[in-house]
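[1] model this:
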Amino acid sequence: MYDLITINGGHSARSTGASGCGYKEHQETRNLKNEVISCFKQVGQKYKDTTSDKSNQQAVLDEQIHLCNVNPVKGRLDVSIHFNGGSSIGTGTEVYYYTEKQLASHVSSLISKEAGWRDRGAKQNKGLYFLKHTTAPSILIEVCFITNCNDMKIYEKKRKALAETICYALTGKHPSTDTTKLYVVKKGDTLYSIAKDHHTTVDKLVKANNIKDKNLIHPGQKLMIK
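    Now for the predicted structure:
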């Protein structure tokens, strides 16, 4: 996984982006972004929400980029979520990139496969402001066409599944199949007793939780159990 994924929902309430079929882009980018963040939490991916509510598109982009670039470049991926517009017959997913062609292609392919619509693929665009000005590798996801009511019907039905797909494409972990559990240590617990109760081993608990002394745990301590 990446050390940090920054993620934003494109546009804002005062710079709304595209609209169609009863949907507004700035609302749906936030809805999907929130679902993806929920998935990040489930799989343990560190993230930062870089969504902006500024009053115009340039101000939105500038704030998004600032919120991305204040973080270390190493191990960081910057992601922006959008919806396509302008055509009632245009359909499917495309992912824009500056340098990350393989990742963009992977994300576009998995989203399209989950939705069952056209995979428009990875598209390099060095002129897109977000991609051009972030200092880390970045992609911009055009989920589907907000002006295509069939696309949006599928999106509405599969939004959670699409969020999980994006999460998996970026982290390699799928929330619905990740078996990690959080256990709160109780008085009298030992790593041996916890491992036995949860059908795992002391060594796995030590590794998963970076425990330096396996004989020293305390009530209230939270342990990840895989």
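[2] next one: Ser176, what pLDDT does it get?
    pLDDT, Ser176: 69.
[3] give me phi/psi at the residue lying farthest from the centre of the chain?
    Here the centre of the chain is the reference, and by CA atoms, centre = their mean the most remote residue is Gly188, at 38.7 Å. Torsion angles at Gly188 (phi, psi; degrees, to the nearest 10) stand at phi 90, psi -10.
[4] again with Ile146
    Per-residue torsions, Ile146: phi -70, psi -20 (degrees, to the nearest 10).
[5] contacting residues for it?
    By CB atoms under 8 Å, 6 or more residues apart in numbering, the contact list for Ile146 reads Ala18, Ser19, Gly20, Cys21, Tyr23, Glu25, Glu28, Phe83, Asn84, Gly85, Met152. C-beta here means a position set from N, CA and C on the backbone, and glycine is covered the same way.
[6] just the strands in this protein please.
    Taking DSSP state E, the strands of the chain run over residues 4-9, 19-20, 23-24, 47-49, 76-84, 93-97, 119-124, 138-145, 181-184, 222-225.
[7] least reliable of these by average pLDDT, please.
    Mean pLDDT is lowest for strand 181-184 among the strands of the chain, at a mean of 84.
[8] mind giving me the packing neighbours of that one?
    Counting contacts by 3 or more CB pairs under 8 Å, 6 or more residues apart in numbering; DSSP states H and E, strand 181-184 packs against strand 222-225.
[9] buried set for the strand it packs on?
    Neighbour-count burial for strand 222-225 flags Leu223, Ile225 (criterion: 16 or more other CB atoms under 10 Å).
[10] circling back to that earlier point, who wins on neighbours among the contacts of Ile146?
    Most neighbours among the contacts of Ile146, by other CB atoms under 10 Å: Phe83, with 30 neighbours.
[11] helices along this protein, start to end?
    25-43, 57-69, 101-115, 129-133, 149-171, 191-197, 202-209 (DSSP state H).
[12] one step back: can you redo the strands of the chain as TSV with distance to Val36?
    Below are the strands of the chain laid out as TSV (distance: least, CB to CB, whole Å):
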stretch	distance to Val36
strand 4-9	6
strand 19-20	22
strand 23-24	18
strand 47-49	8
strand 76-84	8
strand 93-97	14
strand 119-124	19
strand 138-145	10
strand 181-184	20
strand 222-225	21
